[in-house]
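Asks: Sharing a model that was predicted from the sequence below.
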Amino acid sequence: MTGATAVTGAAGLTGFTGFSDSAQAMSLVAFSAVATVTLLLCVMTGPDRDDLDEFYTGYNSLSPMGNGLAIAGDYISAATVLGTGGVIALCGYDGIVLALSTALSLMLLMFLLAEPLRNAGRFTMGDALTRRMPGRSVRIAACGVTLAALLPLMLVQLAGTGQLLAFILGFSGEGLQTGCILGLGVLMISYAAIGGMKGTALIQILKMVMLLGSGAVVAVLMLRRFDWDPGTLFDAAAAQSGVGPAFLESGLQFGGGDWPRLDMITSELTVVVGGACLPHVTMRMYTARGARQVRRSMSWAVSAVVLFVLVITVVGFGATALIGRAVIAEADPQGNTAYLLGSRAAFGAEVSTAETFLFTTVTTAIFLTLLASVAGMILACANSLAHDVFAGRARELSARREMTLARVSALAVGIPAILLATQVQHRSLQPLVTLSFCLGASAIAPALVYSLFWRRYTRTGLLWTLIGGSLLVLLLMPGTNLVSGSPVSAFPDHDFNWLPLTTTGLISIPAGFAFGWLGTVLSGRRTAEVERRQYEAVEGWILAGAVRRGE
């Protein structure tokens, strides 16, 4: 759950990569080429100005494999690549548990929510929720939670863009980093506004192919360094960790807290429940043509994520084994450079031209991960604003005008995110990632589960779930130990830490479900009965895979 936090002293770390100025120039050329090609893809595949289905769903034209890779691409963000890799390299066993929790969350989406979501929704989460509870208040609440959950993640990816380029290209000037954030932020907005769902899907597919391909090659090279024996790799990592056998045991990540075991369980539960429920992931369910295709797409997505978990585990442990935990922590206290450092260390002291090219591929894949992640999040927020808020106000809104509103909404979401990212780029961004997961687990997940499966659920219960769960998370989050009270917190010079846990999940997840139950009970029997009949009228659509309205 760690994010792409600031890489302090990036200029002094260039030596760890071991590449010359020409190699850095190769990375810069590769970044420029990828940005140009992906923008061209968006222009070529962009929808017509009056075709909403093409903009919001890409006409459901992707194959199950393509759609599955796009889902996996939206799910695997830079926070996963850099942050989870860092936890594996610094905390060993606890990092593996986090990576497995990430995969388990997507599996939970596949088995529990994917098909009902596809059947209930059309374009946005607001569509899925209002299938049984029509009303503008529900759409506005859904849009508000979508923005609240995705904006923190966007800040993490955008701030990480400047830090990544600083680390790889060897510059440390704050002005240059800010310029990278501004320039690439505009590019990400363009992806969402021009390409729509199909354009961003193609970028996600390209990202996954590069990420999995380059990562698998690095993992193979890493295993070759340890005679193809994972046990030898793990033992070497423990020996280089500075903590011995504790590196391969539970508790290293949360050992400094008052309740380490409880903190670990709560953190992993938050990832499992909230990770795959975030709106930029669930919106991909609506791009499948039917129930059978969404099942096949999710199978491909889960397979891709599991493969990446294996890759990042090998690379993370390899980084510790070859470089040492102390060096990784010195480069970045959160370990966000561990994946890059491990990839570089897999080549050994002498780097050939082919290995230089492979490392450039690795860095380009991470660069593309940053671009694609933010583009998907901006698209999810823009779609919700245009379709749930603005289009809901007008009874007769033309398709061309709604699409224009969606593109303007991409600007309205992206520009503030870019400006905020320039302000927080030098702080620990782990609390922002944690905030997004907590909102997904405490507000979105209960709302989806109740809406799709509980017959008695009422509109009041839904609003209490979305609003109450979100407000409770926002109230509790500033008191966690990620925000203050430690050297690696967002505000290390202050201490207003009154909740000695890493996440709010212990309180907010049960409360989110309780809010929905309480709101439903207080609605009264008559209201509950009316809304139960409304649910029964669409139950076939939601659970049995009947054709959706408008298809």
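Replies: Structure received.

Asks: so what's His110 up against?
Replies: Check again: residue 110 is Met, not His. Arg295, Met298, Ser299, Ala301, Val302 (Cβ atoms under 8 Å, 6 or more residues apart in numbering). Bear in mind the C-beta positions are built from the backbone N, C-alpha and C, glycine included.

Asks: ok, the residues you listed vs Ala537, which is closest?
Replies: Among the contacts of Met110, Arg295 lies closest to Ala537 (Cβ to Cβ), at 25.3 Å.

Asks: Tell me how many other residues surround that closest one.
Replies: 16 (other Cβ atoms under 10 Å).

Asks: sec struct for it, please.
Replies: Taking DSSP: H, G, I helix; E, B strand; the rest coil as the rule, one finds Arg295 in the helix state.

Asks: Tell me how far it lies from Val309.
Replies: 21 Å (Cβ to Cβ, to the nearest Å).

Asks: ok so, going back, most neighbours out of the contacts of Met110, which is it?
Replies: That'd be Ala301 among the contacts of Met110, by other Cβ under 10 Å, with 31 neighbours.

Asks: Name the nearest residue to the residue nearest the centre of the chain, sequence neighbours excluded.
Replies: Nearest to the mean C-alpha position of the chain, by Cα atoms, centre = their mean, lies Ser77 at 4.4 Å. Closest residue in space to Ser77, ignoring its immediate chain neighbours: Ser373 at 4.1 Å, by Cβ to Cβ, 6 or more residues apart in numbering.

Asks: still on that earlier bit, got the contact list for the residue nearest to the centre of the chain?
Replies: Leu153, Val156, Gln157, Thr369, Ser373.

Asks: State the number of residues packed around the residue nearest to Leu252 when sequence neighbours are not counted.
Replies: Counting by Cβ to Cβ, 6+ apart, Cys91 is the residue found nearest to Leu252 once chain neighbours are left out, at 4.6 Å. Applying other Cβ under 10 Å, we find 26 residues neighbouring Cys91.

Asks: now Met208
Replies: 30.

Asks: again, but for the one 3 residues further on
Replies: Look at Leu211: counted by other Cβ under 10 Å, it has 26 neighbours.

Asks: Verify the assumption that Thr460 is located in a strand.
Replies: No: using three-state DSSP, the secondary structure at Thr460 is helix, not a strand.

Asks: Next one: it from Gly162, what distance?
Replies: In terms of Cβ to Cβ, Thr460 sits 44 Å off from Gly162.

Asks: Compare the two (neighbour count), which wins?
Replies: Gly162 (30 against 21).

Asks: on that earlier part again, nearest to Leu62 among the contacts of Ser77?
Replies: The nearest one, if we look at the contacts of Ser77 relative to Leu62 and count by Cβ to Cβ, is Ser373, at 18.6 Å.

Asks: which residues sit in contact with that closest one?
Replies: Asp74, Ser77, Ala78, Leu153, Gln157.

Asks: which stretches of the stretch 351-500 of the chain aren't confidently modelled?
Replies: Residues of the stretch 351-500 of the chain meeting the criterion pLDDT under 70: 351, 392-396.

Asks: Could I get the full set of helices for the stretch 201-350 of the chain?
Replies: Assigned by DSSP state H, counting those that start in this stretch, the stretch 201-350 of the chain shows helices spanning 230-241, 260-274, 279-282, 291-323, 325-331, 338-345.

Asks: Output the ones you listed as CSV; include the columns distance to Val138 and mean pLDDT.
Replies: Below are the helices of the stretch 201-350 of the chain laid out as CSV (distance: least, Cβ to Cβ, whole Å; pLDDT from 0 to 100):
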stretch, distance to Val138, mean pLDDT
helix 230-241, 49, 92
helix 260-274, 20, 91
helix 279-282, 14, 91
helix 291-323, 23, 93
helix 325-331, 46, 88
helix 338-345, 40, 88
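
Asks: between those helices, which one is nearest to Thr124?
Replies: Nearest of the helices of the stretch 201-350 of the chain to Thr124, taken as Cβ to Cβ: helix 279-282 at 7.6 Å.

Asks: Just the buried positions in the closest one, please.
Replies: Buried residues in helix 279-282, counted by 16 or more other Cβ atoms under 10 Å: Pro279, His280, Val281, Thr282.

Asks: Can you tell me which of the residues you listed is nearest Gly185?
Replies: For these, with Gly185 as the reference and Cβ to Cβ as the criterion, the closest is His280, at 16.5 Å.

Asks: Ala380 is in contact with the closest one, correct?
Replies: Yes: at 4.0 Å, His280 counts as touching Ala380 under the criterion of Cβ atoms under 8 Å.

Asks: so what's the nearest residue to His494 once chain neighbours are set aside up against?
Replies: Distance criterion Cβ to Cβ, 6+ apart; nearest residue to His494, sequence neighbours excluded, is Ser484 at 4.7 Å. By Cβ under 8 Å, 6+ apart, Ser484 lies in contact with Pro478, Ala490, Phe491, Pro492, His494, Asp495, Phe496, Asn497.

Asks: Give me the buried subset of those residues.
Replies: The neighbour-count test (16+ other Cβ under 10 Å) applied to these identifies Pro478, Ala490, Phe491, Asn497 as buried.

Asks: which two in those are spaced the farthest apart?
Replies: Spatial extent of those (Cβ to Cβ) is set by the pair Ala490 and Asn497 at 11.0 Å.

Asks: what is in contact with the two at once?
Replies: In contact with both Ala490 and Asn497: Val483, Ser484, using Cβ under 8 Å, 6+ apart.

Asks: ok, back up a step: mind picking the lowest-pLDDT entry from the contacts of Ser373?
Replies: For these, the weakest pLDDT value sits at Ala78, with 82.

Asks: does Trp171 sit in a helix, a strand or a coil?
Replies: Residue 171: Phe, not Trp. Going by three-state DSSP: Phe171 is coil.

Asks: neighbours of it, just the number please.
Replies: 17.

Asks: Please shift the residue numbers so they start at 768 in all later answers.
Replies: Got it, the first residue is 768 from now on, which makes the last one we talked about Phe938.

Asks: okay, it: pLDDT?
Replies: pLDDT, Phe938: 71.

Asks: How about the one 5 residues further on?
Replies: What the model reports as pLDDT for Leu943 is 79.

Asks: same thing with Ala839?
Replies: 93.

Asks: element containing it, please.
Replies: helix 831-842 (DSSP states H and E).

Asks: for Lys965, same thing?
Replies: Assigned by DSSP H and E, Lys965 falls in helix 963-992.

Asks: helices and strands around that helix, which ones?
Replies: helix 788-812, helix 819-824, helix 831-842, helix 997-1008, helix 1058-1090, helix 1105-1112, helix 1120-1151 (3 or more Cβ pairs under 8 Å, 6 or more residues apart in numbering; DSSP states H and E).

Asks: Quick one: low-confidence residue ranges for the stretch 868-1017 of the chain.
Replies: Using pLDDT under 70, the flagged stretches of the stretch 868-1017 of the chain are 939.

Asks: Just name whatever secondary elements the helix or strand Val1175 falls within is in contact with.
Replies: Using DSSP H and E, the element containing Val1175 is helix 1166-1191. Helices and strands touching helix 1166-1191, by 3+ Cβ pairs under 8 Å, 6+ apart, are helix 819-824, helix 903-936, helix 941-957, helix 1120-1151.

Asks: from the chain's centre, how far out does it sit?
Replies: Using Cα atoms, centre = their mean, to the nearest Å, the mean C-alpha position of helix 1166-1191 is found 19 Å from that of the whole chain.

Asks: For the helix or strand just after that helix, output the C-alpha coordinates as CSV.
Replies: Using DSSP H and E, the helix or strand that follows helix 1166-1191 towards the C-terminus is helix 1197-1206. Extracted as CSV, the C-alpha positions of helix 1197-1206 are listed here (Å, rounded to 0.1, in the frame of the first residue of the first chain):
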residue,chain,number,x,y,z
GLN,A,1197,2.0,6.6,1.4
PRO,A,1198,-1.0,8.0,3.4
LEU,A,1199,-2.7,9.0,0.1
VAL,A,1200,-2.5,5.4,-1.3
THR,A,1201,-3.8,4.1,2.0
LEU,A,1202,-6.6,6.7,1.9
SER,A,1203,-7.8,5.4,-1.5
PHE,A,1204,-7.8,1.8,-0.4
CYS,A,1205,-9.6,2.7,2.8
LEU,A,1206,-12.3,4.5,0.9
